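# sequence and predicted structure, then a few things I'm wondering about:
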Amino acid sequence: MQDADVTVTLREQWMVESQVFGIYGYFRELPKRAQTVMLEIATDTHIGYLTNGLQRLPPSFCVLDANRPWLCYWILHSLALLGESIDDNLENSIVDFLTRCQDPLGGYGGGPGQMPHLATTYASVNSLITLGGRNALSSINRDRLQAFLQRMKDPSGSFRMHEKGEIDVRACYTAISVASILNFLDHELMENVGDYILSCQTYEGGIAGEPGSEAHGGYTFCGLATMILINEVHRLDLSALINWVVFRQGVEGGFQGRTNKLVDGCYSFWQGGVFPLIHKLHQLVEEQLRMLDSCEHEHDSSQRYLNLPEERCQIDRSHFEQKGLQSHPNIVNLSGVGLDFVKRSANIGPLFHNLALQQYIILCSQVMDGGFRDKPGKSRDFYHTCYCLSGLSLCQYISLQDADSPPVAQDVLGPYSNLLELTHPLYNVVLERYYKAHEFFSLS
């Protein structure tokens, strides 16, 4: 390849590959005992890093003043995945802080007195569910929160992130996730959400943030999870979505967020988290593939669906609707979708290289002084710590037949002490905390 053909993107890719493969080469040359040590999750140092972050942050964090509930969520969820709890005084302080972030008219802002926003509402609710005590759960004003979500509802079917704010798939997910986990999801909130998300699925198979944009890992997870929660996932072209996500796993073992982008540890969840959802939809995927074969036969075409023109895609989607394909016959009560889904059987093996992803997270994203990072050469932060650990959890439990089965030992890279708590694949809260919240809000 001539120098004129070498782009900036290609140079950056080569640099990342060199750093990652350098780490892997060093690891391979170590004795087995040293390899085992290198593969350990430094639980104690991660807990220390996270706990310190809950108590005091340096002045540089002032730029995240409008994201303080996110800091609570990233840290609390990471601690919960590591099996660590916090003391009562700190828990009460967090509940008090988040209560002061709650707007009198519903929803949570980025800090006390700030405008309510769907993103920080999602972060606040997940933080309180992760804390899990009655004091935390009862602090959520569900009636006002439901009114806030209804105000954010847009005629397009999507939601606005805040008053006069942007409209995108992220808004759909945060709104529907909160309504679902708090047990007030209704048909008014769901109206036309599926139409909007369907309009965001691109020719690549992934889902964009808005119609006409590029497919993206975060929006693909958000769109897929939302369609499951509103029981309309059968409307997506799942085979094309799988095809796109599978090819986002790079030679490094981690995932990239978009086509031709660099690997990033946070996509261990945003892309890797798609697979546990797909595994539980495997019967639906198989049915769609059979129907596609039938469509191709009816239209006398041997082309693959990914190569068909838009007109043909519309014909096939219409065919799905006419056949009355449903996502799952057991999901009839919207308040129980999250519970029914996580208990659904998944009788297929991993659709991605789960051990390679764990290797990337542990050897390349883990910082031995505590925390996780995007990639070698980057600094640790609470965001990447949260989503690297979330992706690692899903990797470790990927072969579960159901949520009550024990994890499969060969799915845990390194010592078995690396095993994290299982996170709910739709909401990304530790499953045990979700069960408690589901019971609490079902009785409320």
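Great, that's in hand.
# could you use CA atoms for every contact and neighbour count after this?
OK.
# ok, Phe269 - how many residues close by?
Using other C-alpha atoms under 10 Å, Phe269 has 27 neighbouring residues.
# how about the contacts made by it?
387-388, 390-392, 394 (C-alpha atoms under 8 Å, 6 or more residues apart in numbering).
# okay if I get those residues as CSV plus neighbour count, secondary structure and pLDDT?
Below are the contacts of Phe269 laid out as CSV (neighbours: other C-alpha atoms under 10 Å; DSSP: H, G, I helix; E, B strand; the rest coil; pLDDT from 0 to 100):
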residue, neighbour count, secondary structure, pLDDT
Tyr387, 25, helix, 98
Cys388, 30, helix, 98
Ser390, 30, helix, 98
Gly391, 26, helix, 98
Leu392, 33, helix, 97
Leu394, 26, helix, 95
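# save the residues you listed as a markdown table, and put in distance to Glu17 too.
A markdown table is the format used below for the contacts of Phe269 (distance: C-alpha to C-alpha, whole Å):
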| residue | distance to Glu17 |
| --- | --- |
| Tyr387 | 21 |
| Cys388 | 19 |
| Ser390 | 24 |
| Gly391 | 21 |
| Leu392 | 21 |
| Leu394 | 25 |
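# okay, which residue is most central for the protein?
Trp270 (4.4 Å; C-alpha atoms, centre = their mean).
# that residue reaches Gly217, doesn't it?
Yes - with contact defined as C-alpha atoms under 8 Å, Trp270 reaches Gly217; the gap is 5.6 Å.
# just name the shakiest helix or strand of the protein by mean pLDDT.
Lowest by mean pLDDT, DSSP states H and E among the helices and strands of the chain is helix 310-323, with a mean of 43.
# low-confidence ranges, the protein, go.
Across the chain, the ranges flagged by pLDDT under 70 are 1-4, 295-333, 335, 401-404.
# 80 - rerun?
1-5, 292-336, 346-349, 400-410, 444 (pLDDT under 80).
# so where does Gly48 fall, helix or strand?
Assigned by DSSP states H and E, Gly48 falls within helix 43-55.
# so Tyr427 touches Ile176, yeah?
No - in terms of C-alpha under 8 Å, Tyr427 does not count as a neighbour of Ile176; the distance is 10.1 Å.
# of the two, who's got more company?
Ile176 (27 against 22).
# which element is the closest residue to the more buried one other than its chain neighbours on?
Computed as C-alpha to C-alpha, 6 or more residues apart in numbering, the closest residue to Ile176 that is not its neighbour in sequence is Thr226, at 6.5 Å. Using DSSP H and E, Thr226 maps to helix 217-229.
# what does that helix rub up against?
169-170, 172-173, 176-177, 180, 194, 197, 206-209, 233, 245, 256-258, 267, 270-271, 273-274, 277, 327, 334, 337-338, 426.
# pull up the overlap in contacts between Trp270 and Gly217.
Gly257.
# can you pull the contacts of Ile197?
Residues in contact with Ile197 (C-alpha under 8 Å, 6+ apart) are 169, 207, 223, 227.
# burial count for Ser365?
28.
# elements contacting the helix or strand just after the least confident helix or strand of the chain?
Counting by DSSP H and E, the next helix or strand C-terminal to helix 310-323 is helix 337-342. Here helix 337-342 touches helix 169-181, helix 217-229, going by 3 or more C-alpha pairs under 8 Å, 6 or more residues apart in numbering; DSSP states H and E.
# and with 6 Å instead?
Of the remaining helices and strands, none touches helix 337-342 by 3 or more C-alpha pairs under 6 Å, 6 or more residues apart in numbering; DSSP states H and E.
# buried ones in the helix or strand following it?
Using DSSP H and E, the helix or strand that follows helix 337-342 in sequence is helix 354-359. Along helix 354-359, these residues count as buried under the neighbour rule (16 or more other C-alpha atoms under 10 Å): 354-359.
# of all those, which comes closest to Ser345?
Ranked by distance to Ser345 (C-alpha to C-alpha), those are led by Asn354 at 19.0 Å.
# quick check: the closest one touching Leu394?
No - if you go by C-alpha atoms under 6 Å, Asn354 and Leu394 don't touch, sitting 9.0 Å apart.
# count of neighbours near Phe247?
Number of residues near Phe247 (other C-alpha under 10 Å) recorded here: 13.
# now swap in the one 5 residues further on and tell me
Residues lying near Glu252 (other C-alpha under 10 Å) number 21.
# now it: how far from Val337?
35 Å (C-alpha to C-alpha, to the nearest Å).
# then Asn192?
18 Å.
# measure Pro350 to Leu357 for me?
From Pro350 across to Leu357, the span is 12 Å (C-alpha to C-alpha).
# where is the longest helix in this protein?
helix 8-29 (DSSP state H).
# buried sites along that one?
Buried residues in helix 8-29, counted by 16+ other C-alpha under 10 Å: 16-17, 19-20, 24, 27.
# tabulate the residues you listed in a markdown table, adding columns for distance to Glu286.
Below are those laid out as a markdown table (distance: C-alpha to C-alpha, whole Å):
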| residue | distance to Glu286 |
| --- | --- |
| Val16 | 37 |
| Glu17 | 36 |
| Gln19 | 40 |
| Val20 | 36 |
| Tyr24 | 37 |
| Phe27 | 40 |
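# restricting to C-alpha, output stretch 171-185 in CSV.
Output in CSV follows, covering the C-alpha atoms of stretch 171-185 (Å, rounded to 0.1, in the frame of the first residue of the first chain):
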residue,chain,number,x,y,z
ALA,A,171,-34.9,9.1,24.2
CYS,A,172,-37.2,6.2,23.3
TYR,A,173,-35.1,3.8,25.4
THR,A,174,-34.6,5.9,28.5
ALA,A,175,-38.4,6.7,28.6
ILE,A,176,-39.6,3.2,27.9
SER,A,177,-37.0,1.6,30.2
VAL,A,178,-38.0,3.8,33.1
ALA,A,179,-41.7,3.3,32.5
SER,A,180,-41.3,-0.4,32.3
ILE,A,181,-39.1,-1.0,35.3
LEU,A,182,-41.4,1.3,37.4
ASN,A,183,-44.5,-0.6,36.2
PHE,A,184,-46.4,2.2,34.6
LEU,A,185,-45.7,1.5,30.9
